[in-house]
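Novice: mind looking at a prediction? Sequence and model below.
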Amino acid sequence: MTVLRTARLVLRPFEAADIEPYVAIRTKREVGRFLPAPPKGDRAAWAKDLFDMFAREWRERGYGPWAATDAASGRLLGHLGLRYLPEFGETELLYAFDVDAWGKGLATEGAAASLRFGFETVGLARIMAIAIPENAASRKVMTKLGLSYERMAKFKGFDVAYHALDRAAWRG
């Protein structure tokens, strides 16, 4: 599994020590309003299963989501990366950060590195991203990176704004 470094982030595999901070991030009301909710039961088991799924994607596809960590402190900030969505038959750019990391350009920085990895290293022809329409900050990141709005779609029961970028249009 590839580790990427940007000016302020280290994108690395998830580790067992990430379970508790990841659950804490994903169960914050502000973060959760834009993502499918974790189950009410054993959230540590849910996070471990999610990390196992991310690792399986890396083994099977050569890409997947990373643990996004602060380069200076090593603190887990959230997840970021690429994952194949069979519902769309395409690869998604995804990111979710802790509230105190919002508004600092970290999602844009990490997502730009993910696009570069997807287009240059993996050789993907197209990468898409989705967000609920009310998530203006996420959609702004998509636009900054060159992804264009194409349509509204359904994903896991949510109405989502679907954006995409072809490698030929990518400004790298």
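Specialist: Received the coordinates, thanks.
Novice: which parts of the chain are helices?
Specialist: 19-26, 29-32, 43-61, 106-116, 136-144 (DSSP state H).
Novice: and those helices, which one is worst for confidence?
Specialist: Lowest mean pLDDT within the helices of the chain: helix 29-32, at a mean of 79.
Novice: how far off centre is stretch 30-38?
Specialist: 13 Å (C-alpha atoms, centre = their mean, to the nearest Å).
Novice: who touches it?
Specialist: Stretch 30-38 has contacts (C-beta atoms under 8 Å, 6 or more residues apart in numbering) with 23, 25-27, 46-47, 78, 96-99, 131-132, 134-135, 138, 156, 158. The way it works is simple: take the backbone N, C-alpha and C, and place the C-beta from them, glycine included.
Novice: tell me the buried residues within the residues you listed.
Specialist: Among the contacts of stretch 30-38, those buried by neighbour count (16 or more other C-beta atoms under 10 Å) are Val23, Ile25, Arg26, Trp46, Ala47, Gly78, Ala96, Phe97, Asp98, Ala131, Asn135, Ser138.
Novice: ok, the fifth one - contacts?
Specialist: What it means is Ala47. Applying C-beta under 8 Å, 6+ apart to Ala47 gives the contacts Asp18, Ile19, Tyr22, Val23, Arg26, Pro38.
Novice: can I get the residues you listed in JSON lines with distance to Leu124?
Specialist: JSON lines is the format used below for the contacts of Ala47 (distance: C-beta to C-beta, whole Å):
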{"residue": "Asp18", "distance to Leu124": "26"}
{"residue": "Ile19", "distance to Leu124": "29"}
{"residue": "Tyr22", "distance to Leu124": "26"}
{"residue": "Val23", "distance to Leu124": "30"}
{"residue": "Arg26", "distance to Leu124": "26"}
{"residue": "Pro38", "distance to Leu124": "29"}
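Novice: any idea which of these is the one closest to Asp70?
Specialist: Set against Asp70, the nearest of the contacts of Ala47 by C-beta to C-beta is Asp18 (12.8 Å).
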